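A.B. asks: A predicted structure for the sequence below; I have some questions about it.
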Amino acid sequence: MSAQEIATQAPYVAPAGKTIAIVCLCGILYLWALMRRAISGRFDLYHISMLAVVVLLPMGFVVFPRFAHNLSQSIGVAFPFVLLFAALFVSMFLYMHRMTSELNRVIMRSRRLTQEIAILNAKIDSMGAGADGGASTPV
Amino acid sequence: MIDACAQIEPDPEPPRSERVLVIIPAFNEEGSIASVIEEVRLLGARFVPVVIDDGSSDATRARAIGCGARVVSLPMNLGIGGAVQTGIQVAWREGYGFCCQVDGDGQHVAAELIGLIEVMDRGGHNIVIGSRFVDGAGGDQSTAMRRLGSRIISRTISLAFGGASVSDPTSGLRLIDREAIGLFAREYPHDYPEPISVSIAIRQGLTVVDVPVSMRAREHGRSSIGGVTNALYMFRVICYILLARLRKPACGPGAPLQPQKDES
């Protein structure tokens, strides 16, 4: 029996009401916490949306179980939760990739800024020394 | 070593395009910085020392200012690469024809710069490296482990860049010309910069030559490389060298930056 056949023969299992309630409650609480951070300006919209994926995907899978089942079967995955974890992994990977790139850019900029500050400070010091008639730090 | 802060008769100043900005990166080097500055001063007016205080928490800055040296103080510690690049940017903006690095720990013999500038003045090279491992070199030759590491890096550079010969790629005592200043003002590695910067320069088509020099053992402070970090250092450096080889050369050294007008 091929993997595709196994996938198409996997039974549809609807999530229990408790499961839906718990997942949705946790998701809503997390989204609420994220929104508070967004409102206070600690996270920007990009970070909020990427972090929200962590709860929106599971919520989508439990609220629309039939859709999740059909989607996973259409791409040859027997169980929807496998698809759920794959989607979460991809979204987190994309987020990490973007964050690494952003972090690197910020490090480079802060280094350059630190150097600029040091050079300008030295220049200001030498101008002050020149105005005072001192010549200890020529520029 | 010589007496710190001795009074020296000033020579007539040559034009800035002929002068050498001597970058002295220093992080907590209060014990040796004064003698290093005076050692550089003894070389004459062509050599202009600038101390890059890399966020020291001791009296390094005060001692350097006390000796009348120009000090550029970084507000936080950037590491050796960031400190040296700060000095290179000063050299680039102020129109210095050459610049070199002399470590603030007293390990480098500043008088060796005379030999380096002689080779540079003969022309044909963009970077002159003071090497401990060529015929005629003397003084402290480092530990056997470091010599082995240096040889491996040297071999890697040679293989990566079609036989380029750099016998002491980890040497910090090096003199660079205006073209290399332009390149490094724009791009200079921040971690373990010496061997990687040589690779970047060779990739950009700059030429490098070794000159035998003597070095002293460290008197104060301690090296950033040692112990178990050696293996990690080697691995990272080799990866960076290979990355430098894979990169496309830029249009020309120093392209994005414009030097300030020669004020001399």
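C.D. replies: Everything's here; your move. Values in this document were obtained by computation on a predicted structure and should not be read as measured data. Numbers count the residues shown, from 1 in each chain, chains lettered A, B, ... in the order given.

A.B. asks: run a quick neighbour tally on residue B:146.
C.D. replies: Taking other CB atoms under 10 Å in any protein chain shown as the criterion, the count of residues near residue B:146 is 17. Any C-beta I mention is one placed from the backbone N, CA and C, and that applies to glycine too.

A.B. asks: where's it, which helix or strand?
C.D. replies: Residue B:146 is part of helix B:144-160 when elements are defined by DSSP states H and E.

A.B. asks: now that helix: mean pLDDT?
C.D. replies: The average pLDDT for helix B:144-160 rounds to 86.

A.B. asks: again, but for stretch B:94-111
C.D. replies: For stretch B:94-111, the per-residue pLDDT averages 90.

A.B. asks: may I have that stretch exported as CSV, CA atoms only?
C.D. replies: Taking C-alpha atoms only, stretch B:94-111 is exported to CSV below (Å, rounded to 0.1, in the frame of the first residue of the first chain):
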residue,chain,number,x,y,z
GLU,B,94,41.8,62.6,6.9
GLY,B,95,43.7,61.7,3.8
TYR,B,96,46.6,59.7,5.2
GLY,B,97,48.6,57.9,2.6
PHE,B,98,49.4,54.9,4.8
CYS,B,99,48.3,53.5,8.1
CYS,B,100,49.5,50.7,10.2
GLN,B,101,48.6,48.8,13.3
VAL,B,102,50.7,48.5,16.4
ASP,B,103,49.2,46.6,19.3
GLY,B,104,48.8,48.5,22.6
ASP,B,105,50.1,45.6,24.6
GLY,B,106,53.7,46.4,23.7
GLN,B,107,54.1,43.1,21.7
HIS,B,108,55.0,44.9,18.5
VAL,B,109,58.4,46.7,18.1
ALA,B,110,57.4,50.0,16.6
ALA,B,111,60.9,50.5,15.2
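
A.B. asks: now do the top helix by length along chain A: which elements does it pack against?
C.D. replies: Determined from DSSP state H, the single longest helix within chain A is helix A:80-131. Counting contacts by 3 or more CB pairs under 8 Å, 6 or more residues apart in numbering or on different chains; DSSP states H and E, helix A:80-131 packs against helix A:45-63, helix A:65-74, strand B:70-73, helix B:79-93.

A.B. asks: and after the lowest-mean-pLDDT helix or strand in chain A, which helix or strand comes next?
C.D. replies: Scoring the helices and strands of chain A by mean pLDDT, DSSP states H and E places helix A:3-9 at the bottom, with a mean of 66. Using DSSP H and E, the next helix or strand after helix A:3-9 towards the C-terminus is helix A:17-39.

A.B. asks: what residues sit buried inside that next one?
C.D. replies: Within helix A:17-39, the residues scored as buried using 16 or more other CB atoms under 10 Å in any protein chain shown are A:23, A:27, A:30-31, A:34, A:38.

A.B. asks: swap in stretch B:114-129?
C.D. replies: Those would be B:115-117, B:119-120, B:125-129, for stretch B:114-129 by 16+ other CB under 10 Å.

A.B. asks: okay if I get the residues you listed as TSV plus pLDDT, secondary structure and distance to residue B:108?
C.D. replies: Formatted as TSV, the buried residues of stretch B:114-129 follow (pLDDT from 0 to 100; DSSP: H, G, I helix; E, B strand; the rest coil; distance: CB to CB, whole Å):
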residue	pLDDT	secondary structure	distance to residue B:108
B:115	91	helix	12
B:116	93	helix	11
B:117	93	helix	14
B:119	93	helix	16
B:120	93	helix	16
B:125	91	coil	19
B:126	94	coil	20
B:127	95	strand	16
B:128	95	strand	14
B:129	94	strand	12
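
A.B. asks: now tabulate these in TSV and tack on distance to residue B:31.
C.D. replies: Putting the buried residues of stretch B:114-129 into TSV (distance: CB to CB, whole Å) gives the following:
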residue	distance to residue B:31
B:115	27
B:116	26
B:117	28
B:119	31
B:120	31
B:125	34
B:126	34
B:127	30
B:128	29
B:129	27
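
A.B. asks: could you pull up the residues touching residue B:193?
C.D. replies: Contact analysis of residue B:193 by CB atoms under 8 Å, 6 or more residues apart in numbering or on different chains lists B:80-81, B:84.

A.B. asks: nope, residue B:247 is what I meant
C.D. replies: residue B:203.

A.B. asks: can you name the residue of the stretch 101-250 of chain B nearest to chain A?
C.D. replies: Chain A sits closest to residue B:190 of the stretch 101-250 of chain B, with a gap of 6.7 Å, by CB to the nearest CB.

A.B. asks: check the gap between that residue and residue B:51 for me.
C.D. replies: Using CB to CB, to the nearest Å, residue B:190 is found at 19 Å from residue B:51.

A.B. asks: these two: who's more crowded?
C.D. replies: For residue B:190 versus residue B:51, the count of surrounding residues by other CB under 10 Å is larger for residue B:51: 31 against 17.

A.B. asks: for that one, give me its contacts.
C.D. replies: With contact set as CB under 8 Å, 6+ apart, residue B:51 has these partners: B:24, B:26, B:33, B:37, B:60-61, B:64, B:69-72, B:104.

A.B. asks: from those residues, which one has the minimum pLDDT?
C.D. replies: residue B:104 (86).

A.B. asks: that one against residue B:24, yeah?
C.D. replies: Yes: between residue B:104 and residue B:24 there is a contact at 4.9 Å, judged by CB atoms under 8 Å.

A.B. asks: so what sits against both of the two?
C.D. replies: B:33, B:36, B:51.

A.B. asks: how about the residues of the stretch 1-150 of chain B that lie near chain A?
C.D. replies: B:52, B:65, B:68-76, B:78, B:82, B:85-86, B:89-90, B:93-94 (CB under 8 Å from any CB of the partner chain).

A.B. asks: which among these count as buried?
C.D. replies: Looks like these have B:52, B:65, B:68-74, B:78, B:82, B:85-86, B:89-90, B:93-94 buried, using 16+ other CB under 10 Å.

A.B. asks: any chance you could map the helices in chain B?
C.D. replies: B:33-41, B:60-66, B:79-93, B:112-121, B:144-160, B:178-186, B:193-203, B:229-246.

A.B. asks: which of these sits closest to residue A:117?
C.D. replies: helix B:79-93 (10.1 Å; CB to CB).

A.B. asks: skipping adjacent residues, who's closest to residue A:15 in space?
C.D. replies: residue A:62 (4.9 Å; CB to CB, 6 or more residues apart in numbering or on different chains).
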